[in-house]
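Chemist: Kindly generate the corresponding structure for this input.
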Amino acid sequence: MDLKLNDPARLIPLIVASALFMENLDSTIIATALPAIARSLREDPLHLSLAISSYLLSLAVFIPVSGWMADRYGARRVFRNAIVVFVLGSVACAASQNIGELILARVAQGIGGAMMVPVGRLVLLRQVPKSELVAAMSYLTIPALMAPIFGPPLGGFIVTYVSWRWIFLINVPIGVLGYWLVTRFIRDHAGNATHHAFDLAGWMLLGLGLSGLVFGSENLGKHVLPPELPPFAVGLGIVLLVLYVLHARQDPAPIMRLGLLKVPTFRASVTGGSLFRIGVGSFSLLMPLMLQLGFGMSALGSGLITFSSAVGALLMKTMAQRITRRYGFRNLLVWNTLVSSLALIACGLLRPAVPSLLIILFLLITGFFRSLEFTCVNTLAFADVEEADMSQATSFSSTAQQLALSIGIGIASQTLNLSLAGRHATVLGLPDFTAAFCTVGLISLSAMLSFRRLAPDAGSSVSGHRMALADMPVRTTHP
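Modeler: Below you'll find the model as predicted:
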């Protein structure tokens with residue numbers, strides 16, 4: 001493939017995507033390797049889920065700091081150092097001899113990941129013209145989408161034939177390559193000379209609040225912790241976030257500026273995008289479980305079917321720019337949200353009698369539309385944000401994305417448990433998955449309300465979509 005080294009709309013997204021690929025690959029592989037890690041460390045596999053939760057908690061705490069760090073020290077410098085921290089954390093994971101060491105190493109990985117993704121996106125936003133942003137965002141996600149495809153089989157191969165420690169060590173060459181590419185091809189961008197003092201009080205309120213929500217949502221219905229602890233964590237998280245909102249209204253330079261929500265396109269991306277992500281976050285949990293527990297498929301058979309969803313997402317990336325230019329963000333987001341949400345509800349209506357080929361085709365098509373939604377939402381967020389606010393916008397957007405995905409998993413898990421209890425059953429069945437898919441699908445559908453409020457030409461400077469003046473209604477005033 002011709003990377004066109006003089007074309008920043010292609011080269012820079014692919015460089016930044018090396019970090020996304022490394023992080024996503026790590027996240028998908030570790031889930032496959034948990035049983036092997038548990039045997040090696042002589043731990044209960046359920047306890048090893050703390051290795052995943054600790055990483056997510058680290059993301060929740062440190063993503064809000066990424067914008068301030070980029071302004072203070074420069075996005076390129078922070079991005080490169082974040083890659084180093086993530087790689088060193090990976091090496092520490094590989095060297096872990098007990099669960100405590102593994103959890104600490106995962107926290108270090110999370111610190112690196114919290115800086116890599118939002119600051120990497122900031123690097124892209126500052127060096128790619130807005131007119132080419134849709135194409136750049138599409139290229140950015142192509143390598144990242146490859147990770148869920150290759151992660152499970154690669155993790156299974158490594159665990160079976162080598163050692164689980166290599167699932168972390170493969171990050172080393174990827175990270176070294178990413179560091180070199182950033183150094184070689186990405187221009188330095190000085191930090192903000194008028195940076196504000198670090199908002200420590202705001203960070204503590206926001207970080208602890210997000211941690212409570214993520215921790216509680218991730219552990220709802222898993223029966224790993226005392227049953228009252230996850231709901232308590234969610235409640236405490238909500239209280240702390242409310243206190244942060246009060247703090248942010250009074251502080252002249254809060255760690256995350258809520259005033260960005262006054263920008264209509266950014267507000268629609270955050271609110272509507274978060275509601276939509278709740279459904280998608282749950283899909284990654286519900287579909288494999290339904291195929292295995294409800295349809296009686298093996299883990300391999302389930303993986304081969306859900307794989308088609310990622311293929312559909314990859315196909316969309318080659319068409320994103322033409323589609324957004326033709327229809328514009330508002331039309332696409334309203335109608336695509338409707339289609340994608342109804343498709344999510346339809347997933348819960350699938351039954352074992354449906355031929356596997358039809359399920360594969362269905363998931364491929366729905367993967368296409370979900371990926372189109374994310375490309376539009378991720379690009380629209382920065383269409384009207386001023387250059388000086390880009391660092392705040394990237395950390396704000398990344399925080400909302402991570403929170404929505406975690407909440408989606410929590411809602412899906414809790415809906416399964418409530419449905420199970422309502423049926424007075426002890427084993428999950430197809431009715432439980434139907435209830436869960438319908439619940440999260442309706443939540444995703446509510447995102448339409450946010451997108452309908454957008455102006456018809458919202459984000460046109462990015463999408464390239466222009467409405468002819470003849471088609472615009474003419475207002476006349478009468479004395």
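Chemist: Show me what the helix-or-strand element of the chain with minimal mean pLDDT is packed up against.
Modeler: Least confident element among the helices and strands of the chain, by mean pLDDT, DSSP states H and E: helix 133-161 (a mean of 73). In terms of contacts (3 or more C-beta pairs under 8 Å, 6 or more residues apart in numbering; DSSP states H and E), helix 133-161 is packed against helix 8-41, helix 99-127, helix 166-169, helix 299-317, helix 320-327, helix 356-380, helix 460-463. The way it works is simple: take the backbone N, C-alpha and C, and place the C-beta from them, glycine included.
Chemist: Which of those helices sits closest to Ser54?
Modeler: Proximity to Ser54 (C-beta to C-beta) singles out helix 99-127 among those, at 4.6 Å.
Chemist: Would you map out the domains in this structure?
Modeler: In terms of domains, the chain is parsed into 1-186, 199-254, 260-463 (source: automatic domain parsing).
Chemist: Just put those domains in a markdown table and tack on mean neighbour count.
Modeler: Below are the domains of the chain laid out as a markdown table (neighbours: other C-beta atoms under 10 Å):
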| stretch | mean neighbour count |
| --- | --- |
| domain 1-186 | 20 |
| domain 199-254 | 18 |
| domain 260-463 | 20 |
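Chemist: what are the phi and psi angles of Asn98?
Modeler: Main-chain torsions, Asn98, degrees, to the nearest 10: phi -150, psi 170.
Chemist: Go ahead and confirm it touches Ile37.
Modeler: No - under the criterion of C-beta atoms under 8 Å, Asn98 makes no contact with Ile37, lying 11.0 Å away.
Chemist: Quick check: closest non-adjacent residue to Thr183.
Modeler: Distance criterion C-beta to C-beta, 6 or more residues apart in numbering; nearest residue to Thr183, sequence neighbours excluded, is Arg80 at 6.7 Å.
Chemist: From what I see, the one you found and Val182 are in contact.
Modeler: Yes - the criterion here is C-beta under 8 Å, and Arg80 meets it with Val182 at 5.1 Å.
Chemist: Please identify the helix or strand for the residue nearest to Thr183.
Modeler: helix 75-94 (DSSP states H and E).
Chemist: Quick check: the gap between Trp164 and Gly110.
Modeler: Trp164 sits 19 Å away from Gly110, going by C-beta to C-beta, to the nearest Å.
Chemist: now Val117
Modeler: Distance, Val117 to Gly110, by C-beta to C-beta: 11 Å.
Chemist: Packing partners of whichever strand or helix holds Gln402?
Modeler: Under the criterion of DSSP H and E, Gln402 resides in helix 390-422. Here helix 390-422 touches helix 45-73, helix 99-127, helix 200-219, helix 264-289, helix 430-445, going by 3+ C-beta pairs under 8 Å, 6+ apart.
Chemist: want to throw those helices into CSV with mean pLDDT?
Modeler: Below are these laid out as CSV (pLDDT from 0 to 100):
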stretch, mean pLDDT
helix 45-73, 81
helix 99-127, 88
helix 200-219, 87
helix 264-289, 87
helix 430-445, 94
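Chemist: among these, which is nearest Thr318?
Modeler: Closest among the helices and strands packed on helix 390-422, using C-beta to C-beta: helix 99-127, at 18.6 Å.
Chemist: Let me know the angle separating that closest one from helix 390-422.
Modeler: Relative orientation of helix 99-127 and helix 390-422, computed by axes from the mean of the first three to the mean of the last three C-alpha atoms, to 10 degrees: 130 degrees.
Chemist: next one: helix 99-127 to chain centre, how far?
Modeler: Here helix 99-127 shows a centroid-to-chain-centroid distance of 13 Å under the convention C-alpha atoms, centre = their mean, to the nearest Å.
Chemist: now do stretch 208-222
Modeler: 16 Å.
Chemist: likewise stretch 154-171?
Modeler: Relative to the centre of its chain, stretch 154-171 is centred 24 Å away, using C-alpha atoms, centre = their mean.
Chemist: same thing with stretch 13-31?
Modeler: Using C-alpha atoms, centre = their mean, the offset of stretch 13-31 from its chain centre is 12 Å.
Chemist: cool, stretch 358-377 as well?
Modeler: The chain centroid and the centroid of stretch 358-377 are separated by 16 Å, computed with C-alpha atoms, centre = their mean.
Chemist: CA atoms only for it - export them in CSV, please.
Modeler: This file holds the C-alpha atoms of stretch 358-377, laid out as CSV (Å, rounded to 0.1, in the frame of the first residue of the first chain):
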residue,chain,number,x,y,z
LEU,A,358,-27.3,-15.3,7.3
ILE,A,359,-26.1,-14.3,10.8
ILE,A,360,-22.6,-13.6,9.4
LEU,A,361,-24.1,-11.4,6.6
PHE,A,362,-26.3,-9.6,9.1
LEU,A,363,-23.4,-8.9,11.5
LEU,A,364,-21.2,-7.7,8.6
ILE,A,365,-23.8,-5.2,7.5
THR,A,366,-24.5,-4.0,11.0
GLY,A,367,-20.7,-3.7,11.6
PHE,A,368,-20.6,-1.4,8.5
PHE,A,369,-23.2,1.0,9.9
ARG,A,370,-21.8,1.0,13.4
SER,A,371,-18.4,1.9,12.1
LEU,A,372,-19.9,4.7,10.0
GLU,A,373,-21.6,6.1,13.1
PHE,A,374,-18.3,6.2,15.0
THR,A,375,-16.4,7.8,12.2
CYS,A,376,-19.1,10.6,12.0
VAL,A,377,-19.3,11.1,15.8
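Chemist: what is the rounded mean pLDDT of that stretch?
Modeler: Averaged across stretch 358-377, pLDDT comes to 89.
Chemist: can you list contacts of that stretch?
Modeler: Contacts to stretch 358-377, defined as C-beta atoms under 8 Å, 6 or more residues apart in numbering, come from residues 134, 137-138, 141, 145, 269, 272-273, 276, 280, 287, 305-306, 308-317, 320, 323-324, 329, 332-333, 336-337, 339-340, 343-344, 346-347, 350.
Chemist: can you pull the contacts of Ala197?
Modeler: Applying C-beta under 8 Å, 6+ apart, the residues contacting Ala197 are Ala253.
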